[in-house]
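Asks: After the sequence you'll find the predicted model.
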Amino acid sequence: MIYLKLFISFLKIGAFSFGGGYAAMPIIQSEVVDTYHWLTLEEFTDLITISQMTPGPIAVNSATFVGIRIGGIPGALVATFGCILPASLLLIFLSWMYMKYKKLTILQTILSVLRPAVVVLIAISGIKILQSAFGLNEFILENLRLHMLFIFVICLVLLIKYEKNPILVMVLAGLLNLLYNIIFL
């Protein structure tokens, strides 16, 4: 029964994750954290971090991670297959349709309308992850982890202003947090 739940859950994630991995995060969180309680919010944040550090799409990496956690290797295979099936079928169909009708104005209009909705989905996920990383619960400042905010700002500057390699910035962030934990905890 757990394999069927994993398959259906990630089939929904795969079917409704328009806009890529970042847009899928609210859906993944809803299924994995809120509905089935397979992960806590903190574990979900770790999952997103791990998914970013490994090759492949966030949704597929999440499916594999959750599948292994819940049902071992068979669970990983079932969840991953459920996640990629809708996208594979839809992509085959949409590629054919796009190539056939790409010059139509209505198609270009539809695509331009969908872009802001995807940005909102990404922003919502980003805000939830920031809240978790900084120890904020509904922006209550008493639990604020200042060292995490400091690391975030350093990473932001390195990525935006100096255009440093994201992998190196993630390693630096991990080292800074490790150093903080060694010194202060």
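Replies: Good, I have the coordinates. Since we're looking at a predicted model, the values are computed, not measured.
Asks: Next, count neighbours for L39.
Replies: 21 (other CB atoms under 10 Å). Quick note: C-beta positions are derived from backbone N, CA and C, even for glycine.
Asks: before we move on, what about G67?
Replies: 28.
Asks: From I8, how far off is it?
Replies: Separation of G67 from I8 (CB to CB, to the nearest Å): 13 Å.
Asks: Tell me the pLDDT of G75.
Replies: Predicted confidence (pLDDT) for G75: 97.
Asks: Now do the host helix or strand of L130: which elements does it pack against?
Replies: Assigned by DSSP states H and E, L130 falls within helix 105-134. Helix 105-134 sits against helix 21-29, helix 41-53, helix 146-160, with contacts defined as 3 or more CB pairs under 8 Å, 6 or more residues apart in numbering; DSSP states H and E.
Asks: Extract the CA atoms of stretch 168-183 and return them as PDB.
Replies: Extracted in PDB, the C-alpha atoms of stretch 168-183 (Å, rounded to 0.1, in the frame of the first residue of the first chain):
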ATOM      1  CA  LEU A 168      31.700  26.600  -4.000                       C
ATOM      2  CA  VAL A 169      29.300  28.900  -2.200                       C
ATOM      3  CA  MET A 170      27.300  26.000  -0.800                       C
ATOM      4  CA  VAL A 171      30.600  24.400   0.400                       C
ATOM      5  CA  LEU A 172      31.600  27.700   2.000                       C
ATOM      6  CA  ALA A 173      28.100  28.000   3.700                       C
ATOM      7  CA  GLY A 174      28.500  24.500   5.100                       C
ATOM      8  CA  LEU A 175      32.000  25.300   6.400                       C
ATOM      9  CA  LEU A 176      30.800  28.600   7.900                       C
ATOM     10  CA  ASN A 177      28.000  26.800   9.700                       C
ATOM     11  CA  LEU A 178      30.400  24.000  10.900                       C
ATOM     12  CA  LEU A 179      32.800  26.700  12.200                       C
ATOM     13  CA  TYR A 180      29.900  28.400  14.000                       C
ATOM     14  CA  ASN A 181      28.900  25.100  15.600                       C
ATOM     15  CA  ILE A 182      32.400  24.300  16.700                       C
ATOM     16  CA  ILE A 183      33.000  27.800  18.200                       C
END
